[in-house]
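Peer 1: need the 3D shape of this:
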Amino acid sequence: MKKYILTFIILFSGLFFTMAQQDPQFSQYYFTQLGINPAYAGNEDKICAYALQRLQWTNFEGAPSTTVFNADGAIKRFGLGISLLNDEFGFDKNFKVNLSISYKFPISAGNLAVGVKWGVANSTINVGDGGWITPTDPANQDLAIPENGDALSYMDFGFGIFYKTPDLYLGISSTQLLDTEFEHSKLNTSNETVTVNTSLKRHYYLTAGYNLPFSNPLLEFKPSIMVQSDGKNSQLALTGLIAYNKKLWGGVSLRTDNAIIGILGAELFKWVKISYSYDFVVSDLMGNNDGTHEIMMGFCLDVKKDKTPEKYKSIRFL
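Peer 2: Okay, the predicted model is just below:
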């Protein structure tokens, strides 16, 4: 009985997710900003790459699983980036590829970057996977459930602004600018056409962070914030990290979807970073899953070459 209840919840949630097309969430959003803000590309003036795996609500049937890979670099004042995302939730599977370009303007103590991104995405519905439901079962013929493997492709555009100083960053961006709409259709047992409309809602993001040093120069407090909204529903995340010698960090994040998050991370080999977070779900789902795990691994390489000091000969020795 429990399995059928959970299956119903996932089916309902999956349909809502498809209808709303809510972008996937990340507890360590400060490592995935390229995916939501193209102006972030090249902001470190280094070649950076980050891979992150999020397993949400583990041991909950049909729970979301998201993998993202972001890489970016800078060429003078231009930034270039690529973002790959694979997101699975219930019977809904989405894959996106986005290319970003940005340009930086020096302002005051930092740089203001403006960026755009373009990409393609593929959305596939596999209702038969995992035993969710059998589309050919006569009991399901009156439901507007597409056939197994039904896929749709679409283009994705985004725009963003990102301002950064040595101690502060602020980003404003929007994804899925086209607000694309399409529909799945099928005939039911009464030979009537039943449709499910899908809308790729435009999303808006605000991110900000600051480095606040302690009296001990080896310690830093790094508060940050992210607001995510589709114009109707919004979500807020507040994070506080304490970093030691820029090599170790840990802290807590609070998210308005009833989650408390613990975070630990370290920098290895002077350039490789690894970080882990665990979401404690404090809602009715608490007793039906084993929490959410998120692990990140990435690196940043400084490819700038130091200029060779120029030598001048004194005219006295000519």
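
Peer 1: where along this protein do the helices fall?
Peer 2: Under the criterion DSSP state H, the chain carries helices at the ranges 2-20.

Peer 1: helix or strand with the lowest mean pLDDT in it?
Peer 2: helix 2-20 (a mean of 37; mean pLDDT, DSSP states H and E).

Peer 1: touching, L241 and I261? I think so.
Peer 2: No. Under the criterion of CB atoms under 8 Å, L241 makes no contact with I261, lying 11.0 Å away. Where you see a C-beta, it was placed from the backbone N, CA and C, and this is true even at glycine.

Peer 1: any stretches of the protein with poor pLDDT?
Peer 2: When residues are selected by pLDDT under 70, those of the chain lie in 1-22, 60-62, 125-151, 182-199, 283-289, 304-318.

Peer 1: now do the residue nearest to S100 when sequence neighbours are not counted against S108, distance only.
Peer 2: In this structure, S100 finds its nearest non-sequential neighbour in P38, 3.5 Å apart by CB to CB, 6 or more residues apart in numbering. Here the criterion is CB to CB, to the nearest Å. By it, P38 lies 22 Å from S108.

Peer 1: so L268 sits against I274, correct?
Peer 2: Yes. Taking CB under 8 Å as the definition, L268 is a contact partner of I274 at 6.4 Å.

Peer 1: between those two, which is the more surrounded one?
Peer 2: For the pair L268 and I274, the greater number of neighbours falls to I274 (14 against 11), based on other CB atoms under 10 Å.

Peer 1: if I pick the more buried one, what's in contact with it?
Peer 2: The neighbourhood of I274, defined by CB atoms under 8 Å, 6 or more residues apart in numbering, consists of 265-266, 268, 295-297.

Peer 1: quick check on the residue nearest to G79 when sequence neighbours are not counted: phi, psi?
Peer 2: Across the structure, with CB to CB, 6+ apart as the measure, the residue nearest G79 apart from its sequence neighbours is G42 (2.1 Å). The phi/psi pair for G42 (degrees, to the nearest 10) reads phi 80, psi 10.

Peer 1: which residues touch G42?
Peer 2: With CB under 8 Å, 6+ apart as the criterion, the residues that contact G42 are 72-75, 78-81, 102, 104, 113.

Peer 1: quick one, what contacts V120?
Peer 2: Contacts of V120 were listed using CB under 8 Å, 6+ apart, and they are 96-97, 153-156.

Peer 1: before we move on, back to that, neighbour-wise, which of P38 and S108 wins?
Peer 2: Neighbours per residue (other CB under 10 Å) separate P38 from S108, with P38 holding more: 33 against 8.

Peer 1: for the more buried one, give its distance to P64.
Peer 2: When CB to CB is applied, the distance between P38 and P64 equals 24 Å.

Peer 1: same deal with A266?
Peer 2: In this structure, A266 and P64 are 27 Å apart, going by CB to CB.

Peer 1: ok, those two, which is more surrounded?
Peer 2: P64 (21 against 14).
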